[in-house]
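> using only what follows, build the 3D model:
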Amino acid sequence: MESFWLAVTHLGRDEVFIVVLALYTWLVNPRGGRNLGVAFALSYLVNTALKFGLNLPRPFWADPTLASEAAQATAGGPGLPSGHAQMAATLWGGIAAQVGRAGMWAAALLLIALIAVSRLVLHVHYPSDVIAGLLLGAAFAGLAARGHFPQKGVWRGVIPLLLLGLAAFLPVGTPREYGTALGLLAGFWFARPDFRVPRDWGSRLVVGLLGLVVVFAVYFGLAALPQALKDIGLVRGLRYALLVLVATELVPLLLRRWLPRAEASPTPFAEGAR
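Have a look, this model is predicted:
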């Protein structure tokens, strides 16, 4: 069963989160996607601070035979709280809370539960790690649905600049997750996805496919930078801030035929997804 649980746990990979956040923003709820992104970035930042601040062990640290090499490859950094459990709960719980439909809640809870169980079955987390991650993820999911992240006036630009400035002063050797989280938060805070979602399935398919091609071209292009350059806090922050802005600003501009600018009032589809 390890192959199955490895496949499940890979649903907590960065690439999966990128796909889900992008498609949700383009095809379901643009402004909700921005709020979900801010909450997701905050959750990632808190998870990183707790994980490396507490520096608690994983089960296989004392006995490497507990987890296979493939399982250990999915486990970076210390144990508490589980990043897979927390970020899955934040993302899927946040979407379910915004959509507010029973079917979405059922699918979200099933995915969250499977990912959380996979971390235990693969012996890469203790139960306390997973429980803490789920509780924190639930809190940030609520923030994604009910939080208010103002962008009025100069603060739309000032806050992202402060976040990137903080990334620039990260000491050498600081875990790279800090730069990633600060970049994501800067990008989502600045983002203003002011467009209407496609109304027909053909348009949604075009937007989904072409949009993901653009996003992942940038993602893998930036990943090809020299490792020494990528390890610089500011560079890492800028990479992820740029990735967010490509998804929320550039893709709608390139695909404006299918993602026209929003009118004064939201579309019925977008309103119903809130």
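> in this protein, where is pLDDT below threshold?
Applying pLDDT under 70 to the chain flags residues 263-274.
> all strands for it, in order.
In the chain, no segments count as strands under DSSP state E.
> okay, now the residue nearest to residue 176 when sequence neighbours are not counted: neighbour count?
Nearest non-adjacent residue to residue 176, counting by C-beta to C-beta, 6 or more residues apart in numbering: residue 236, 5.9 Å away. To be clear about C-beta, it is placed using only N, CA and C from the backbone, and glycine gets the same treatment. The local packing of residue 236 (other C-beta atoms under 10 Å) involves 25 other residues.
> correct me, but residue 236 touches residue 186?
No. Counting by C-beta atoms under 8 Å, residue 236 stays clear of residue 186, with 11.4 Å between them.
> who touches both of the two?
residue 167 (C-beta atoms under 8 Å, 6 or more residues apart in numbering).
> give the contact list for the residue nearest to residue 176.
167, 176, 179, 180, 183, 230.
> quick check, nearest of those residues to residue 221?
Minimum distance to residue 221 across the contacts of residue 236 is 12.2 Å, recorded for residue 230 (C-beta to C-beta).
> would you agree the closest one is in contact with residue 238?
No. If you go by C-beta under 8 Å, residue 230 and residue 238 don't touch, sitting 10.5 Å apart.
> pick out whichever of those two has more residues nearby.
Using other C-beta under 10 Å as the criterion, residue 230 and residue 238 rank with residue 238 on top: 20 against 15.
> what's the more buried one in contact with, if anything?
For residue 238, counting by C-beta under 8 Å, 6+ apart, the contacting residues are 164, 167, 183.
> repeat for residue 239
183, 222, 225, 230.
> same check, this time on residue 106
Counting by C-beta under 8 Å, 6+ apart, residue 106 has no contacts.
> now the residue lying closest to residue 215 once chain neighbours are set aside: how far from residue 19?
Of all residues not flanking residue 215 in the chain, residue 247 sits nearest, at 5.1 Å (C-beta to C-beta, 6+ apart). Distance of residue 247 to residue 19, given as C-beta to C-beta, to the nearest Å: 10 Å.
> now the spatially closest residue to residue 33 that is not a sequence neighbour: how far from residue 91?
Distance criterion C-beta to C-beta, 6+ apart; nearest residue to residue 33, sequence neighbours excluded, is residue 25 at 2.8 Å. For residue 25, the distance to residue 91 (C-beta to C-beta) stands at 12 Å.
> give the residues shared as contacts by these two.
Contacts common to residue 25 and residue 91, judged by C-beta under 8 Å, 6+ apart, are residue 36.
> can you report how many residues lie near residue 183?
27.
> hmm, residue 166 and it touching each other?
No. Using C-beta under 8 Å, residue 183 is not in contact with residue 166, being 10.5 Å away.
> rewinding a little: ok, residue 247 and residue 19, which is more surrounded?
residue 247 (28 against 16).
> in terms of secondary structure, what does the longest helix seen in the chain contact?
With secondary structure taken from DSSP state H, the chain has its longest helix at helix 30-54. If contacts are counted by 3 or more C-beta pairs under 8 Å, 6 or more residues apart in numbering; DSSP states H and E, helix 30-54 sits against helix 14-27, helix 83-99, helix 127-146, helix 176-190, helix 268-272.
> tell me the buried residues in the second one?
What that stands for is helix 83-99. Residues 83-99 are the ones in helix 83-99 that count as buried (16 or more other C-beta atoms under 10 Å).
> distance of residue 35 relative to residue 217?
Distance from residue 35 to residue 217, by C-beta to C-beta: 26 Å.
> tell me which of those two has more neighbours.
A direct count of neighbours by other C-beta under 10 Å for residue 35 and residue 217 places residue 35 higher, at 21 against 11.
> need the contact list for that one.
So residue 35 contacts 98, 144, 145, 147, 149 (C-beta under 8 Å, 6+ apart).
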